[in-house]
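I would like the atomic coordinates for the input below:
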Amino acid sequence: MPFAYYARLSRRQRAIYDKSAGVTEVRLPGAEPLRPVVAALAEALAREERAETQRACQRLLDGLTDALGVGPVRVEVLAARPHAHWGELHGLYTEARGTRPPKITLWTRTARQRRVVAFRTFLRTLLHEFCHHLDYQRFRLPDSFHTEGFYKRESSLFHQLIPDTEDPHGNGSRTDRAAAPDS
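Alright, predicted model coming up:
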């Protein structure tokens, strides 16, 4: 089911949207070696070390681009999110321009409260922006729309990097705990 803005798209844009909507996952070969990088990212964010968070993000992006056979993308991690009457910006993908490579910009703090962003939210934002990169580099789409397929691709990457079956606290799988009767 297309999102509401689909009706406002041109025929050309609808064709791009439809192609994007049809791609619902990204198979990530070798996700396992990237999990320690994800853990390092979580630790750096928790310690509020912006520079180390940026380095961990770049290591993760380098691993993702290598694994998926796409061109590089650089990352810049800044402090508080920008905001205005329209809301606040979580992340931004900027296409390559001239000799400048594509760039993902992320913010570690919420706009108004200036609190550190929750790790899973931060990682999902990074993967969201990376999915824009994949739309251009891997799927060769002339534009990158937010479609159901786009969000499913983001989610598929997230769950390969942080499997649902693992509990970081060593309490068995989330599925096992959800199925267990209350005691």
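
OK, contacts around the residue sitting nearest the centre point of the chain?
Residue closest to the average C-alpha location in the chain (CA atoms, centre = their mean): residue 127, at 1.2 Å. Residue 127 makes contact with 154, 157, 158, 161 under the criterion CB atoms under 8 Å, 6 or more residues apart in numbering. For every residue, glycine as well, the C-beta is placed using N, CA and C.

of those residues - the most surrounded one?
Among the contacts of residue 127, the one with the most neighbours (other CB atoms under 10 Å) is residue 157, at 26 neighbours.

that one - nearest residue in space that isn't next to it in sequence?
Nearest residue to residue 157 in three dimensions, chain neighbours excluded: residue 127, at 4.9 Å (CB to CB, 6 or more residues apart in numbering).

in the host helix or strand of that neighbour, what counts as buried?
When elements are assigned from DSSP states H and E, residue 127 belongs to helix 119-137. Going by neighbour count (16 or more other CB atoms under 10 Å), the buried part of helix 119-137 is 119, 122-137.

so for it, mean pLDDT?
Helix 119-137 comes out with an average pLDDT of 97.

I'd like the contacts of residue 127 as TSV, with pLDDT, secondary structure and distance to residue 4 appended.
Shown next, in TSV, are these (pLDDT from 0 to 100; DSSP: H, G, I helix; E, B strand; the rest coil; distance: CB to CB, whole Å):
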residue	pLDDT	secondary structure	distance to residue 4
154	98	helix	20
157	98	helix	26
158	98	helix	25
161	98	helix	31
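
tell me which of those residues is nearest to residue 54?
Relative to residue 54, the closest of the contacts of residue 127 is residue 161; by CB to CB it sits at 17.9 Å.

what's the distance between the residue nearest to the centre of the chain and residue 13?
Here residue 127 is placed at a distance of 24 Å from residue 13 (CB to CB, to the nearest Å).

over to residue 20?
Note on residue 20: its distance to residue 13, by CB to CB, is 10 Å.

which neighbours do the two have in common?
residue 145.

out of those two, which sits in the busier spot?
Between residue 20 and residue 13, counted using other CB under 10 Å, residue 20 has the larger neighbour count: 22 against 15.

surely that one is in contact with residue 144?
Yes - counting by CB atoms under 8 Å, residue 20 does reach residue 144; the two are 7.4 Å apart.

in contact with residue 153, which residues?
For residue 153, the contacting residues are 23, 24, 25, 26, 131, 134, by CB under 8 Å, 6+ apart.

show me what contacts the fourth one?
Read that as residue 26. By CB under 8 Å, 6+ apart, the contact set of residue 26 is 68, 131, 134, 138, 153, 156, 157.

okay, and for this protein, where does confidence drop off?
Confidence mapping of the chain against pLDDT under 70 gives the ranges 81-88, 111-113, 165-183.

how about the strands in it?
Secondary structure of the chain, counting by DSSP state E: strands at 74-80, 83-84, 87-88, 91-94, 103-109.
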